[in-house]
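Asks: Give the three-dimensional model of this entry:
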Amino acid sequence: MNELPPTLLIVDDEKATRDGLRRALEDHFDVYLAADESSAGNILEAEKIDLVLTDLKLGGDSGMNILEKCQTLSPQPLTVMMTAYGSVDTAVEAMRRGAYDYVTKPVNIDKLEMLLLRALRSRNIETENKQLRQQIDHHYGLESLIGSSPRMAEILDLIRQVADTRVTVLIQGESGTGKELVANAIHHLSARKTKPLLAVHCAALSPQLLESELFGHEKGAFTGAMEKRIGRFEQANHGTIFLDEIGEIDAATQVKLLRVLGERKFERVGGNKTIEADVRVIAATNKNLALMVREGTFREDLYYRVNVVTIELPPLRERKEDIPLLAAAFLAEFCKENGKPALRFSPAANDALQRYQWPGNVRELRAAVEHGVVLCRDKEILLKDLPPALKNNDTPLLVTNTLNLTEMEKTSIVRALEQSDQNRTAAAKLLGISRRTLHRKLNEYHLE
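Replies: Numbering: from 1, shown residues only. Predicted structure coming up:
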């Protein structure tokens with residue numbers, strides 16, 4: 001499927017000129033026509049216009065006013081002025097005030113076409129450079145993934161490795177661990193970063209609505225389908241689609257999704273036309289898809305399609321060393337958002353943040369910090385300012401002595417290996433950690 005052509009608004013009070021320019025340029029542009037300042041303004045308000053080609057003199061109107069209108073829009077269309085030889089000074093003044101360039105009448109169509117395409121290339125380069133600067137400023141798109149623990153370091157390294165490939169990625173983790181943030185980072189570090197990233201929350205839609213959301217539908221395809229709908233795969237062409245909670249997809253939609261991953265082709269619901277779409281798929285789940293395959297609720301062939309590279313996000317209780325960093329980041333965010341001066345956590349509040357097991361993971365921590373900021377009446381967030389679950393948490397810290405903690409961890413690993421008959425995958429499951437983390441711990445404690 002081809003990309004949509006750039007949009008061009010031609011403004012001229014002579015119909016013959018408008019129609020002639022449209023015929024000459026419509027092979028490269030989606031052309032809109034306007035005869036005066038008012039109709040041009042209406043089109044600019046209603047449509048996303050990439051380029052404006054306007055005569056300087058429009059009867060009683062002025063192309064300068066259209067230039068000023070363009071500069072109030074976001075994003076701003078590039079403006080090229082047309083002028084007679086006697087008004088070149090005015091055209092130069094228009095460039096000083098923000099026009100991209102000007103051409104003189106009678107217009108040389110070949111030169112005009114080259115000028116317009118050059119203007120678009122210039123805009124695209126400017127946009128890409130801006131995005132690159134933003135990536136550098138935000139640590140290469142990983143700014144929202146906060147953490148210095150070994151497990152987070154592994155995850156960030158894996159994200160960097162897979163980002164600029166076409167591989168399908170499966171992100172696994174409990175609810176609230178940041179699966180969508182990982183998907184965003186992968187997309188924004190990839191070559192597709194200038195194209196759409198569209199998220200579909202599969203658990204929130206019925207099977208019929210989900211199929212329509214993903215693949216679109218034709219008018220009359222089912223009751224209530226009053227108009228044709230373009231699906232997310234079609235909208236995300238050359239970009240990325242994020243399928244959150246992919247384990248909730250019904251059997252019929254799984255079949256259609258399998259075909260898209262294999263052939264990059266599909267049909268809209270109720271349609272016969274085959275549509276091609278170059279879309280990278282990132283999926284996420286808080287379910288055990290391998291178990292669902294064994295139970296017959298998830299297709300084995302689809303599982304292997306989406307599970308090319310897996311990123312396992314640990315629950316927050318398994319990376320508690322990251323809690324202070326996360327809490328500090330959320331604290332700064334919500335102080336700014338609520339117009340409060342810089343706050344800090346009291347020792348008791350800090351202790352509660354560390355003791356709590358965080359069943360809702362990072363999402364719950366973020367909500368807890370916001371709760372504390374809103375209720376804080378002084379310069380320090382107190383234990384009473386935190387949500388009730390944290391205030392009522394009486395779970396003691398297991399160990400305060402580093403040596404004892406190390407010995408307990410070593411003992412736990414040895415026992416898990418014994419119970420699993422030295423099967424490291426099974427031992428890692430018993431310990432609630434990834435196999436990679438277990439391997440690192442074995443090296444660290446010389447238990448190989």
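Asks: rest of the way, CA atoms for contacts and neighbours
Replies: OK.
Asks: mind giving me the domain split of this protein?
Replies: According to automatic domain parsing, the chain is divided into the following domains: 7-130, 150-312, 317-391, 402-444.
Asks: per-residue confidence averaged over the second one?
Replies: Throughout domain 150-312, pLDDT has a mean value of 92.
Asks: Report the separation between the two terminal residues of that domain.
Replies: Its start and end residues considered, domain 150-312 measures 13 Å (Cα to Cα, to the nearest Å).
Asks: since we're on Pro5, how many residues are nearby?
Replies: When neighbours are counted by other Cα atoms under 10 Å, Pro5 registers 13.
Asks: One more: Glu267?
Replies: With other Cα under 10 Å as criterion, Glu267 counts 18.
Asks: Over to Ala46?
Replies: 8.
Asks: residues contacting Ala348?
Replies: Leu382, Leu383 (Cα atoms under 8 Å, 6 or more residues apart in numbering).
Asks: so how far does stretch 296-313 reach from one end to the other?
Replies: End-to-end distance (Cα to Cα), stretch 296-313: 25 Å.
Asks: To clarify, my last question referred to stretch 296-304.
Replies: Using Cα to Cα, the two ends of stretch 296-304 sit 14 Å apart.
Asks: List the buried residues for that stretch?
Replies: Using 16 or more other Cα atoms under 10 Å as the test for burial, stretch 296-304 gives Phe298, Arg299, Leu302, Tyr303.
Asks: Could you dump those into CSV with distance to Tyr356 and secondary structure added?
Replies: Shown next, in CSV, are the buried residues of stretch 296-304 (distance: Cα to Cα, whole Å; DSSP: H, G, I helix; E, B strand; the rest coil):
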residue, distance to Tyr356, secondary structure
Phe298, 34, coil
Arg299, 38, coil
Leu302, 38, helix
Tyr303, 35, helix
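Asks: so Val169 makes contact with Arg305?
Replies: No. Taking contacts as Cα atoms under 8 Å, Val169 lies outside contact range of Arg305: 9.3 Å.
Asks: neighbour-wise, which of these two wins?
Replies: Each of Val169 and Arg305 has its neighbours counted (other Cα under 10 Å); Val169 has more, 24 against 19.
Asks: and that one, what is it in contact with?
Replies: Val281, Ile282, Ala283, Val306, Asn307, Val308, Val309, Thr310, Ile311.
Asks: Show only the entries of those found in helices.
Replies: Among these, the members found in helices (DSSP state H) are Val306.
Asks: Kindly reformat the buried residues of stretch 296-304 as a markdown table containing distance to Glu263.
Replies: Listed next are these as a markdown table, based on distance: Cα to Cα, whole Å:
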| residue | distance to Glu263 |
| --- | --- |
| Phe298 | 20 |
| Arg299 | 17 |
| Leu302 | 13 |
| Tyr303 | 16 |
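Asks: out of the residues you listed, who's nearest Leu56?
Replies: For the buried residues of stretch 296-304, the minimum distance to Leu56 (Cα to Cα) is 58.6 Å, reached by Leu302.
Asks: Now do the helices in the stretch 51-200 of the chain.
Replies: 63-70, 88-96, 109-137, 150-163, 179-188 (DSSP state H, counting those that start in this stretch).
Asks: For Pro6, find the nearest of these.
Replies: Nearest of those (Cα to Cα): helix 109-137, 8.4 Å.
Asks: any idea which residue sits dead centre in the protein?
Replies: Nearest to the mean C-alpha position of the chain, counting by Cα atoms, centre = their mean, stands Asn184 at 3.9 Å.
Asks: any idea how far it lies from Ile323?
Replies: Taking Cα to Cα as the measure, Asn184 falls 22 Å from Ile323.
Asks: One more: Val107?
Replies: For Val107, the distance to Ile323 - Cα to Cα - is 65 Å.
Asks: Which one of the two is surrounded by more residues?
Replies: Using other Cα under 10 Å, the more surrounded residue of Val107 and Ile323 is Ile323, with 21 against 14.
Asks: of all the helices of the stretch 51-200 of the chain, which gets the most neighbours per residue?
Replies: helix 179-188 (a mean of 22; mean count of other Cα atoms under 10 Å).
Asks: Make CSV from the domains of the chain and add distance to Ser144 to it.
Replies: Listed next are those as CSV, based on distance: least, Cα to Cα, whole Å:
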stretch, distance to Ser144
domain 7-130, 19
domain 150-312, 7
domain 317-391, 10
domain 402-444, 22
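Asks: picking that back up, show me how to select, in PyMOL, the buried members of the contacts of Val169.
Replies: Filtering the contacts of Val169 down to the buried ones (16+ other Cα under 10 Å) takes a single PyMOL command:
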select buried, resi 281+282+283+306+307+309+311
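Asks: What about the contacts of Val169, which are in strands?
Replies: Among the contacts of Val169, the residues falling in strands (DSSP state E) are Val281, Ile282, Ala283, Val309, Thr310, Ile311.
Asks: Can you pick out the most distant pair from those residues?
Replies: Val281 and Ile311 (13.8 Å).
Asks: Which helix or strand contains Arg436?
Replies: Assessed by DSSP states H and E, Arg436 sits inside helix 435-444.
Asks: roughly how far is that helix from the heart of the chain?
Replies: 32 Å (Cα atoms, centre = their mean, to the nearest Å).
Asks: What is that helix packed up against?
Replies: Packing contacts for helix 435-444, counted by 3 or more Cα pairs under 8 Å, 6 or more residues apart in numbering; DSSP states H and E, involve helix 424-431.
Asks: and the helix it packs on, how far from the chain's centre?
Replies: Counting by Cα atoms, centre = their mean, helix 424-431 is centred 33 Å from the centre of its parent chain.
Asks: for stretch 19-30, same thing?
Replies: 35 Å.
Asks: got the buried residues for it?
Replies: Buried, per 16+ other Cα under 10 Å, within stretch 19-30: Leu21, Arg22, Leu25, Phe29, Asp30.
Asks: What's the end-to-end length of it?
Replies: First-to-last distance for stretch 19-30 - Cα to Cα - comes to 13 Å.
Asks: Against Ala332, how distant is the closest residue in space to Arg344 that isn't next to it in sequence?
Replies: Nearest non-adjacent residue to Arg344, counting by Cα to Cα, 6 or more residues apart in numbering: Glu380, 4.9 Å away. Relative to Ala332, Glu380 is positioned 13 Å away (criterion: Cα to Cα).
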